[in-house]
Structure formats: structure tokens, C-alpha cells
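> Sequence plus the predicted model coming up.
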Amino acid sequence: MALRPDIEEKIIKMLPEEAKVTRIEFEGPHVSIYSLNPGYIMSNSELIKMLAKELKKHIIIKGDEKARAPKEEVEKVIRKMITDGGNEVDKIYFNDQLGDVYIFLRKPQVIKGLDKAILSQTGWRPVIVTTALDMSKGLPRDDIDAVNNVDMLMSKERAEFLKSIGLRIHRLPVYKNEYVKVTCLGACFEVGRSALLIETSESRVLLDAGVKPSGGMDEAPFFDVIDVDNLDAVVISHAHLDHIGMLPYLYKYGYKGPVYMTEPTKYLMEILLTDYIDLSSERGYSYYGLSELASSLYHSVTVDYGDVTDISPDIKLTLYDAGHEIGSALSHLHIGNGLYNIVYTGDFKYGPSRLLNPAHSIFKRVELLIMESTYGGKDDVQKPREEAEAELIQLVGKTLENGGKVLIPVFSTGRAQEILFLLNDSMQAGKLTKAPIYVDGMVLQTLNVHLMFPDYLNNNVKELIYDGVNPFISEYVKPVERARNPDKRQEQVMDILQGPPSIILAPHGMLSGGPAMDYFVHMADDAKNSLIFVSYQGEGTLGRRLIQGERKVNLKYYDQDITVNVNMNVFHEPGFSGHSDRKQLMNYVGRIEPKPHKVMLVHGEPSKLMNLALSIELKYKIDTVMLNHLESIRLV
């Protein structure tokens, strides 16, 4: 493997002797410069900018072992600095191998300027980690601790891992014949199991690794064509199962490389996949276990929006806000020295919502746009968000006033928090009849992630959280900690259903199992009750069948075959979807800058894909393609 002495030589040449550089390490996607005088470099920030511009690499300054102050002294300095700034330190952990000090904070405020001061005074590079917030007391935080513990317990191994992939990323190119190819391994002419393989002469990068939650192994991505030993990286767009569900499976079968995602996605992934492992075991099958999930977390490298990150010798990754859920990302791949540029949307929303900003649409270069098309059909035009909100409040209010109960199946992250925010706000403003809002399943765990990372939310919500306001929780919100024992669970559900009129938010959003089923089977027969869907309903799911008018359904419930007569009201309010509708998809293609040379459509039903492709070609004169599974297209 050809290393990069040219990078080391340039750094030594460009930095003055006062910098006292002792060594240069390739740690993951970053180039780390160790110095006996890190304060000098940090006080001359133009040096770092100059290096980054010249090398086109992400530069990190660290203190040499000899420059690091004793840990007891460092802890005192950090606690004084941060306490004076109004923050609260949860705990401090030192990574001796990397020279990093992890500072776990109980409040989300960014420690502006203190990172430089801490490094300059102590020789330790601070890494800020937000933990459960004061305003989230009562919300479960076990999953947050589990993510943080992986990094702490395996700090030595992780340091070695980062150096190993750093050498692989920053090596000199080997091949001269340049090419770029995309192969579809999932989500082609269907919704679910997203997986795309990007190949170049130097690299293999997988975009997403999803599963069909209602399917078996025959509906997993076509991973058998991947040589995991030659896979350079996995990039995860967001933490829904149809995009992350098979990631641990790769590690089970030998993948040892990095997986890139935003920080909120990392925490959400742990929450959703832990539950998925439990449910899979209950249903009698298991693709992987908690050890493979831990391996996925251990190998994860988090990336902030807008940061250019080397993920292979010839591919740079930049993540941008996708507007789909907290931490969801568009992936921009810059391949070669200006050879080719790809934007992969994952799931995205090109429109505002209560919590998030619209998807990013301005890039330096785009040759290929790979776009999801969930709502690509000609009739898939959603109501304006304000109209959808008004209708939902009206439907919920009418049901409550008539003495009924409302069941809103939600996905654990995204729509759940959006709807909870709206219901809570409407009750406090007197626009909705006051009633208990029962929140079941993993909604509360994922809610904590929203409070941890307000910078990933829109300005209105971010400012509320920074001001110490929890916009999701009030006296009306009643958390339900799901009992695992079936008999106790039934008692828990019946206590709620025998109580006063109420609203119940529970996963799964398509009624494909999960806590929502416990309520549905007992509520369905009562005509006073309402079932309101606010998310996409996949083909063949119970949600889709109910929306299409089916009112007598056969189900497997707690290992029993039962028949449910549905007399409750069934409504669908797709205006809350985190996906772009037909109009927004067309607008995105028309407004993305610069105009792509080609569009590839994925993640949609066949009729919707073909109709959208035709419309794009007719209106924008852009070549639009669709691939079947295992089909490839060579771009260069």
C-alpha cells in the first residue's frame, strides 16, 4: 500500500518551527498533527486554513503526549471553564491513544471558543458529547449511554481502527484507468431495503443498507455480490429500518470498515436496531445480534452537515440536510480529481415542517442525481402542511368530543415527534380538546435525541430548546413504558382503553406489528374510535389495506390467528409525510443547482417511478434512468 509522504512533507514545510510538530497521523478521514506547542497553531488559525486548502484534507491539531497536562489538572480547568459558561458537566473521559478528552454535557449549547482554549491550556483536544438534558428528565437514556459506552470501553481499539482506515483512505491511487459505476442492490422498483453500490477504479462504497421490515431474508439487499474485504465505506442516509436494518448483518459476515452518518443518526440507529433485534427474536428469526450492532457503532464515523470528508482514496463525502427526520442527510460524492459528482437523496423532504428545514439543493457540482420517488405518482400531491394540520386537529377533536379514542400509528422517529409537537401545542393553545396523549414504544427514546441535537432542527424549535423549553412534553403527555410480559401488556393497554377519551401515538407507522397493534385489535370494533394514518403505507401492509377499504382483516397476534372487524373510522392524512410529494420532487429536479446531467430514480413503486421519469424528461430534458436489482450503469 503506497502511503502519502507527500502530505507529511508539505505539512512540515508549511508550518514554522514554533509549531513544534512531533508527528503526523492519518486517523480515519482526518489528518492529525501532533505538536508540543498546539496553542501556537490554534492561535494562528490561518495556518490550519492554509493547510486544509493546500492538502484538501480535514486537519486536526492535537497535543503531543509530552505537551499534555495531568488529567486531574485538566479536569479542573475544563469544569471551571464550562461552569463559568453556564453549562453542566456530566462526566469527563480521557482517550490516551488519541489525545482526546471527551466532555459529556447535560445541556446542548455549543461551547464556542472553549475548544481552542482547552487545547491550548491543557494539550488535550476536547470532544463535546451531549448527554440526556435536564429538560428530558423522565425520558429513558439507556440507549444514549449505550452509544457513549461503546466509544469509551473500546477507546484503544478504536484508535487503532481509525489509523488503519486512515492509511487506506489516504494512500496514493493505484489504478490509472478511471471509471464510475452504480449497481442497484435494493429499493429498485420498490420501497424498502435501500442499498446502492458505487464503484470506481479505486473504491467500493455502499449507500445505505436497509431491510423490508415486513419481509424475511429473501427481501434483504443483494449483498452476495459484495466482497466485504474490498468495501471501503458504508454511508447511511438516516435511521429508518429500510435504510439501516441490514447494516449489522455486514459486520456479522466480515465487514471491518467504517460507516459514515450524522451524530443524531448514530443514536437513533442504536435505539431502532436494538428494538428490531428484540422483535426479530420474538418472531423466531434473527439476522444478527447485539454484538453486531455494537460493532456497527464502534466502526461509525460521524460527519457534520457541510464537512468535506475523505472516505476513500478517490471519493470525498459531504452530507447535507435532507429534511426527512433529525440527522437525515443527502450524500454528495465527489469522485476523483473532478471526475464525477453524485448526489444521493436518501429519503428527503423538499418543504418545511414543524421541526425541520427543507432539503438542501445547492451544490458545487452534480452530474448524477439519485432521487427517491416514494410519492412520484401523478396523483401523489399532498395537502399544504397548514391544511393537513387543521384537518388532523379537527378529526382528533371530533373523535374526542364524541367520547372516542384516537390511534395514530407512527414511525418511532420523524412523524412521531412532528405529531406530538402539534398535538401538544394545539392543546396548550386551546385549539384542541384537552385529553391524555399516550406515547408508547420507542417514541420517547428517540425524542431524547431531538433534545440532544437542536442544531439539526429548524430555528423555531432550536431556539425553544436553547431557551430551556421542551416543546414535546407537557402535563397532557403520558409516557407508556411497554410491558414485555404479554399478560401485563394486555392489562396496560386495557387500562388506557377503559379510561377517558384519549390520543395514542404508537409504532409501527404502517401497522406492521409493534405497540400500535395492541391498541388496534381492541379499538377496531368501536365506531366511536378513529384510526388516523399520517405516513406512507407500503404495498401489502395492513395500513395500505385499511386505507383501500378493507374492513375485515385476518391477523397473527401473539402467535394466534385472529379476525378483526374494523368499525372504527379510518383516515389518511399524508400531508405530514417526511417524503417529498410529486410536486416537490419535480420542483427539486428543476431547482437543484447545478442542473444534473442525469437522474436515477429509486425507492418507489414501478408505476410511480415510470410516470415520474417521463415527466422529468419531458419538462426538464434530463436523461432519467431506472435500474432493476443487480443492474448497473457505467457513468464514466
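Alright, I've got the coordinates.

> Go through stretch 223-242 and flag the buried ones.
223, 226, 231-242 (16 or more other CB atoms under 10 Å). Yep, even glycine has a C-beta here, placed from its N, CA and C like the rest.

> Narrow those residues to those in helices?
Under the assignment DSSP state H, the buried residues of stretch 223-242 contribute 241-242 to helices.

> Relative to residue 540, which of the buried residues of stretch 223-242 is nearest.
Using CB to CB, residue 242 is the member of the buried residues of stretch 223-242 that lies nearest residue 540, at 13.9 Å.

> Report the contact partners of that closest one.
187, 191-194, 210-213 (CB atoms under 8 Å, 6 or more residues apart in numbering).

> Turn the residues you listed into CSV, including secondary structure and pLDDT.
CSV is the format used below for these (DSSP: H, G, I helix; E, B strand; the rest coil; pLDDT from 0 to 100):
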residue, secondary structure, pLDDT
187, coil, 96
191, coil, 91
192, coil, 89
193, coil, 94
194, coil, 97
210, coil, 96
211, coil, 91
212, coil, 83
213, coil, 62
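
> quick one on the thing from earlier: in JSON lines, list the buried residues of stretch 223-242 along with distance to residue 450.
Converted to JSON lines, the buried residues of stretch 223-242 look like this (distance: CB to CB, whole Å):
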{"residue": "223", "distance to residue 450": "32"}
{"residue": "226", "distance to residue 450": "34"}
{"residue": "231", "distance to residue 450": "32"}
{"residue": "232", "distance to residue 450": "32"}
{"residue": "233", "distance to residue 450": "27"}
{"residue": "234", "distance to residue 450": "25"}
{"residue": "235", "distance to residue 450": "23"}
{"residue": "236", "distance to residue 450": "18"}
{"residue": "237", "distance to residue 450": "18"}
{"residue": "238", "distance to residue 450": "14"}
{"residue": "239", "distance to residue 450": "12"}
{"residue": "240", "distance to residue 450": "15"}
{"residue": "241", "distance to residue 450": "19"}
{"residue": "242", "distance to residue 450": "21"}
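
> Strands - which of the buried residues of stretch 223-242 land there?
233-235 (DSSP state E).

> Can you tell me the SS state at residue 260?
strand (DSSP: H, G, I helix; E, B strand; the rest coil).

> What's the local residue count around it?
23 (other CB atoms under 10 Å).

> for stretch 454-465, how far is the first residue from the last?
Stretch 454-465 stretches 7 Å from its first residue to its last (CA to CA, to the nearest Å).

> Spell out the residue ranges of the strands in the stretch 151-300 of the chain.
Under the criterion DSSP state E, counting those that start in this stretch, strands of the stretch 151-300 of the chain are mapped to 180-186, 195-200, 204-207, 233-235, 259-261, 300-302.

> Out of those, the one nearest residue 518 is which?
In terms of CB to CB, the element of the strands of the stretch 151-300 of the chain nearest to residue 518 is strand 180-186, at 30.5 Å.

> The closest one pairs with which strands, parallel or anti?
Sheet pairing of strand 180-186 (DSSP bridges) gives strand 195-200 (antiparallel), strand 632-634 (antiparallel).

> and the ones you listed, which is most packed in?
Among these, the stretch with the highest mean neighbour count (mean count of other CB atoms under 10 Å) is strand 195-200, at a mean of 24.

> pLDDT (mean, whole number) over that one?
Across strand 195-200, the average pLDDT comes to 98.

> Can I get it as PDB, trimmed to CA atoms?
Below are the C-alpha coordinates for strand 195-200, written out as PDB (Å, rounded to 0.1, in the frame of the first residue of the first chain):
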ATOM      1  CA  ALA A 195     -28.800  -0.200  -1.000                       C
ATOM      2  CA  LEU A 196     -26.600   1.200  -3.800                       C
ATOM      3  CA  LEU A 197     -23.100   0.200  -4.600                       C
ATOM      4  CA  ILE A 198     -20.800   2.900  -6.100                       C
ATOM      5  CA  GLU A 199     -17.700   1.500  -7.700                       C
ATOM      6  CA  THR A 200     -14.600   3.300  -9.100                       C
END
